[in-house]
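Asker: 3D, please:
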Amino acid sequence: MYVRYHDEEWGKPVHDDQKHFECLTLESAQAGLSWITILRRRDRYREAYANFDVEAVASFDETDLERLLTNPGIVRNRRKIEASINNAKRFIEIQQEFGTFDAYIWSFVDNTVINNQWAANDDIPATTELSHQVSKDLKRRGFKFLGPTTVYAHLQATGLVNDHLTACFAK
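Answerer: Numbering: from 1, shown residues only. All right, here's what the predicted structure looks like:
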């Protein structure tokens, strides 16, 4: 599962708002956990989060919150679930301001992939100046559970930053 995710998804440039929202939601749920824990639950997250329809998630109410808190297929952390609903609302605000979330996030890299040249996994940083900048802006806009490490994971996963190792076929 993890290898397939790497080979087929991770690091490929994303320009679809629904996919951006899915990644942000899953990455914030992952905070403090391993990525494979979330990856194994991704289908259950899709079911629980209306296939990551940001409008639907933004309209989740207390009943939906309780439904999510009792769903054994996802990480049942109240603060993370509340953050995901909050983040859906903030995501829509960015769409209203920039036209799409995609336009907003790609503006941080001048619409150009940052191609790093890492030889080993240990060379890849957990955060960068860019992830601090994006995280700070997201926090200013009211997003939760999206610190610099989580934001860097998003930048990597959605292909704004190419951190495939130099020897990797996907480079």
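
Asker: Just the helices from this structure, written as ranges.
Answerer: 2-8, 17-30, 35-39, 42-48, 54-58, 62-69, 78-98, 101-107, 129-140, 148-157 (DSSP state H).

Asker: closest to Ala167 out of those helices?
Answerer: Nearest to Ala167 among these is helix 2-8 (13.5 Å), distances taken as C-beta to C-beta. All C-beta spots, glycine's among them, are computed from the backbone N, C-alpha and C.

Asker: The closest one - what's its average pLDDT?
Answerer: Computed over helix 2-8, the mean pLDDT rounds to 94.

Asker: before we move on, what about stretch 137-152?
Answerer: Stretch 137-152 comes out with an average pLDDT of 97.

Asker: Straight-line length of that stretch, end to end?
Answerer: This stretch, stretch 137-152, spans 13 Å end to end (C-alpha to C-alpha, to the nearest Å).

Asker: Please tell me I have it right and Leu160 contacts Ile114.
Answerer: Yes - counting by C-beta atoms under 8 Å, Leu160 does reach Ile114; the two are 6.7 Å apart.

Asker: how about the helices of the chain in TSV, adding mean neighbour count?
Answerer: Formatted as TSV, these follow (neighbours: other C-beta atoms under 10 Å):
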stretch	mean neighbour count
helix 2-8	11
helix 17-30	22
helix 35-39	15
helix 42-48	15
helix 54-58	18
helix 62-69	13
helix 78-98	18
helix 101-107	19
helix 129-140	16
helix 148-157	23
